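# After the sequence you'll find the predicted model.
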Amino acid sequence: MRRVFAYLKTGIDGLDGVLAGGIRYPDDSGAFVCIGGGPGTGKTLLALEIISRAFLDGHDGTTWLYYSVEHSPESIQKKLESDFDWFRSGSKITTLPREVPGKLVLEAVTRHGTSRMILTQARPAALQRKSERGTTVDIEWILAEIKNHQLAGPVAMVCVDNVGLLLTDLEYFEKRVALLEVRRQLLDNKIHGIFVMEDAHPRDLRLPSAEEFSTDLMLHLSFREEATDFKVRALEILKARHQYYYRGIHHFSIAGRGITRDIYLGARNERGPGIHVYPSVAAQLSMARDQAQFTVPRRGETPIDLGHPDLNRAFVDGTGPAALSSTVLLCEPGMRPTYLALRFLAAGLQKGERVLLVSTREDRDAIRRICLREEGLRATCLLPDGNFRPDFRVLYLHPEFISPGKFTWDLIRLVEGGHGNVGDLPVTRFAFDNVARLQDRFPLIREQKFLIAALLDMLRYRGVTPLMIDVMPPGATAAGSEFDASSYLTGYDNVLQIFAQTNDPAMRAGVRVLKSVGNEYLSDTIALDWRRS
């Protein structure tokens, strides 16, 4: 069967996911994209990265054309090389000898051959001094140059930034018609096009609308105030004519050349230089379900070791939490939840599993000290030199202004095995210590209950067994307490309370099961001996 549509991959982290695979367009045409937004929102960088990544993977003999009114070719070339290291493409890039002013030709040796990107500074007549002659590079000139380049070889993509400045002279109606002609010529010749447009006042009729361009894809960038005196970068797909896409506000960030990506989640940690889009939590959940084709993985049939015999003893008749079931420990202050989370993960390590601990409570050094002090943890979690074993990954979350989308996006990447480092493997056990009032440490996180529920769902789709730690107030288990456990009972498969037994002369901790789906458990409280092995 003949293919009807093709995809243009942007190569931008998260953006292709939001677009459900990339920019979709009819295979007998090209993709046409409009990028709009206010000043400083990142429009130029987004357009530059899309065309640069395509150029750095271009086919032999192809040409890529970039026109900018505001930036000189030299400044663009320096930005791509010095600030973004050509997005670590590994391609050999050569700057050819200059032949004419205002133009720079870059040549890249890619895996497909040799391609060229030509950077040109557009200079409309309205922006020139009267004494300057022959320097006009306006819309008609651009249209003619595209045709000339086609005579020499295939033109793959054309980007014009910023189209509004090309319409500032007195003949803007004629220029407007010419601009629309550029769009028509591009698609008739199967050339991908990108127009960058500054937000204009709604009554400013000079600028063509996205509908006039018959835009395939319209992206809008903005700053959104998510907290007092703090604005985040946001991306929204206003229109995607030929494809399904994940709607909503998606945050993004821009990382420079010096970025060092490791296992840590944070505002300054990215996968590499360039733009990184973080789909909303709702979009990520939909993406996980779509990728799984709504086939929810079954929970295991046999109980797993929770790491502490007294936790296991709370379940009877050979039952207990199984693999892929979610468990939450509701702990009163002083009940050593970090220790219990470590024992849960150590039980997985002993069975050859790869595990991940995420902590908002204790940093890596504190976790290491706990493991050193406890003999069972020391042998299981640490190497002889005192460092964590390769299969035991520890992440401490520093307080940060990061969006909910980045929070879950980075956690899921870690669960999937990290960020492309050699030897990275997915984890099968995950412990989060603790999820109490995340908004106190991450002010941009709203609707925490939904975020945790979505995270649990996404972990299950990836074959991970999670254990969450949450805090309940002292005396929450006493008669007459106003503590409400209903949200935990509806959100988790297994809910256990860990609390101080005030009526126990030995002042031992107690554990009680409030809920466990499909399992038999003791209805009474049982003593929890911390040192029991």
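Now that the structure is in, tell me what you want to look at.
# Show me where the protein dips below the pLDDT cut-off.
1-2, 124-136, 168-172, 200-214, 228, 259-264, 267-268, 418-423, 504-507 (pLDDT under 70).
# Closest to the centroid, which residue in it?
Tyr278 (3.4 Å; C-alpha atoms, centre = their mean).
# Domain ranges for the chain, per the record?
Structural domains annotated on the chain: 32-243, 309-528, as defined by automatic domain parsing.
# Surely the residue nearest to the centre of the chain is in contact with Trp409?
Yes - using C-beta atoms under 8 Å, Tyr278 makes contact with Trp409 at a distance of 4.8 Å. In this view, the C-beta of every residue, glycine as well, is placed from N, C-alpha and C.
# Give me the common contacts of the two.
Gly14 (C-beta atoms under 8 Å, 6 or more residues apart in numbering).
# buried ones in the host helix or strand of Glu145?
Assessed by DSSP states H and E, Glu145 sits inside helix 139-152. Judged by neighbour count (16 or more other C-beta atoms under 10 Å), helix 139-152 contains these buried residues: 139, 141-143, 145-146, 149.
# Might you report the residue contacts of the nearest residue to Asp391 once chain neighbours are set aside?
Closest residue in space to Asp391, ignoring its immediate chain neighbours: Arg354 at 4.5 Å, by C-beta to C-beta, 6 or more residues apart in numbering. Listed by C-beta under 8 Å, 6+ apart, the contact set of Arg354 reads 348, 391, 393, 425-429.
# at 6 Å what do you get?
391, 425, 427 (C-beta atoms under 6 Å, 6 or more residues apart in numbering).
# likewise Leu19?
Tyr245.
# Now the element after the helix or strand containing Ile35, going C-ward?
With elements taken from DSSP H and E, the one containing Ile35 is strand 32-37. Per DSSP H and E, the first helix or strand lying C-terminal to strand 32-37 is helix 43-55.
# immediately after that next one, which helix or strand?
From helix 43-55, the next helix or strand downstream (DSSP H and E) is strand 63-68.
# which residues touch that following strand?
With C-beta under 6 Å, 6+ apart, strand 63-68 has contacts from 51, 55, 116-120, 122, 142, 149, 155-161.
# Could you tell me the angle between it and helix 139-152?
Using axes from the mean of the first three to the mean of the last three C-alpha atoms, to 10 degrees, the inter-axis angle of strand 63-68 relative to helix 139-152 is 170 degrees.
# Which parts of the stretch 101-250 of the chain are helices?
With DSSP state H, counting those that start in this stretch as the criterion, the stretch 101-250 of the chain has helices at 139-152, 172-188.
# export these to a markdown table and tack on distance to Ser403?
Output for those, formatted as a markdown table (distance: least, C-beta to C-beta, whole Å):
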| stretch | distance to Ser403 |
| --- | --- |
| helix 139-152 | 37 |
| helix 172-188 | 34 |
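# out of those helices, nearest to Asp484?
For the helices of the stretch 101-250 of the chain, proximity to Asp484 was assessed by C-beta to C-beta; helix 172-188 is nearest, at 57.9 Å.
# buried ones in that closest one?
Here helix 172-188 shows 172, 175-176, 178-179, 182-183, 185-187 as buried, counting by 16+ other C-beta under 10 Å.
# just stretch 4-18 next, same as before
6-8, 10-18.
# circling back: and which of the buried residues of helix 172-188 is nearest Gly258?
Nearest to Gly258 among those, with distances taken as C-beta to C-beta, is Leu186, at 36.1 Å.
# gap between that closest one and Phe32?
7 Å (C-beta to C-beta, to the nearest Å).
# Mutual contacts of those two, please.
Going by C-beta under 6 Å, 6+ apart, residues that sit against Leu186 and also against Phe32 are Gly193.
# residues touching Val394, list them.
Taking C-beta under 6 Å, 6+ apart as the test, what Val394 contacts is 357, 364, 367, 388.
# picking that back up, next up, phi/psi of the residue nearest to the centre of the chain, please.
Torsion angles at Tyr278 (phi, psi; degrees, to the nearest 10) stand at phi -110, psi 100.
# That one bridge partners, please.
Beta-bridge pairing of Tyr278 under DSSP bridges involves His251.
# any idea how far Gln497 is from it?
Distance from Tyr278 to Gln497, by C-beta to C-beta: 35 Å.
# Equivalent analysis for Tyr7, please.
From Tyr7 to Gln497 the distance is 50 Å (C-beta to C-beta).
# Please apply the same query to Pro321.
Taking C-beta to C-beta as the criterion, Pro321 is separated from Gln497 by 15 Å.
# Between those two, which has more neighbouring residues?
Pro321 (29 against 22; other C-beta atoms under 10 Å).
# could I get the buried residues of helix 139-152 as a markdown table with distance to Arg446?
As requested, the buried residues of helix 139-152 are exported to a markdown table (distance: C-beta to C-beta, whole Å):
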| residue | distance to Arg446 |
| --- | --- |
| Ile139 | 44 |
| Trp141 | 49 |
| Ile142 | 45 |
| Leu143 | 47 |
| Glu145 | 49 |
| Ile146 | 47 |
| His149 | 49 |
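# any chance of the contacts of Arg354 in a markdown table, with distance to Pro337 and neighbour count too?
Listed next are those as a markdown table, based on distance: C-beta to C-beta, whole Å; neighbours: other C-beta atoms under 10 Å:
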| residue | distance to Pro337 | neighbour count |
| --- | --- | --- |
| Asp391 | 22 | 17 |
| Leu425 | 27 | 12 |
| Val427 | 20 | 26 |
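# Dump those residues to JSON lines, plus secondary structure and distance to Gly417.
Below are these laid out as JSON lines (DSSP: H, G, I helix; E, B strand; the rest coil; distance: C-beta to C-beta, whole Å):
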{"residue": "Asp391", "secondary structure": "coil", "distance to Gly417": "12"}
{"residue": "Leu425", "secondary structure": "coil", "distance to Gly417": "5"}
{"residue": "Val427", "secondary structure": "coil", "distance to Gly417": "8"}
